[in-house]
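Novice: Sequence first, then the predicted structure, then my questions.
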Amino acid sequence: MLTLTIFALTVATGIVASGLTGSFYRLITNKPPSFSMPAETTLGLLAAIFMLIFAGPLVILRNALRAQVFENRPPAWLFLSAMISLGWAFLSGILLLSILLTL
């Protein structure tokens, strides 16, 4: 039971970080985060990669929900996208929690 709680809290940390990063990116650039990186400078490209490390689960879920609604994809597509997103959120949550606990 403790393992499941730790897993849930780690995933929640990753999802919150994804939402905060995606919202901050949208606030700064006035467009939603995506996997296309049209940065002209090296610094802009590095910032986009750093943003996608944490906002990736948000981008995957948004794209999967849009595909479900507009392209009428099968529900299994949405389920698999959600599992990939949760796995990514778990890994980014582990990264953030390990950084925070070492400080």
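Specialist: The structure has been received and is ready for your questions. Numbers count the residues shown, from 1 in each chain.
Novice: To which secondary structure element is the closest residue to residue 97 other than its chain neighbours assigned?
Specialist: For residue 97, ignoring the flanking residues on the chain, the nearest one in space by C-beta to C-beta, 6 or more residues apart in numbering is residue 13 at 5.8 Å. (Each C-beta comes from the backbone N, C-alpha and C, glycine too.) Assigned by DSSP states H and E, residue 13 falls within helix 2-29.
Novice: Which pLDDT value belongs to the residue nearest to residue 97?
Specialist: pLDDT for residue 13: 95.
Novice: following the worst-scoring helix or strand of the chain on mean pLDDT, which helix or strand shows up next?
Specialist: In the chain, no helix or strand scores lower on mean pLDDT, DSSP states H and E than helix 42-70, which sits at a mean of 89. Next helix or strand after helix 42-70 toward the C-terminus (DSSP H and E): helix 75-102.
Novice: now the angle between helix 42-70 and the helix holding residue 13, please.
Specialist: 110 degrees (axes from the mean of the first three to the mean of the last three C-alpha atoms, to 10 degrees).
Novice: In contact with residue 92, which residues are there?
Specialist: Contact analysis of residue 92 by C-beta atoms under 8 Å, 6 or more residues apart in numbering lists 14, 17-18, 53-54, 56-57.
Novice: Just give the closest residue to it, not the sequence neighbours.
Specialist: residue 14 (4.3 Å).
Novice: residues in contact with the nearest residue to residue 91 once chain neighbours are set aside?
Specialist: Nearest residue to residue 91 in three dimensions, chain neighbours excluded: residue 14, at 7.1 Å (C-beta to C-beta, 6+ apart). Taking C-beta under 8 Å, 6+ apart as the criterion, residue 14 is in contact with 57, 88-94, 96.
Novice: Same question for residue 101.
Specialist: For residue 101, counting by C-beta under 8 Å, 6+ apart, there are no contacting residues.
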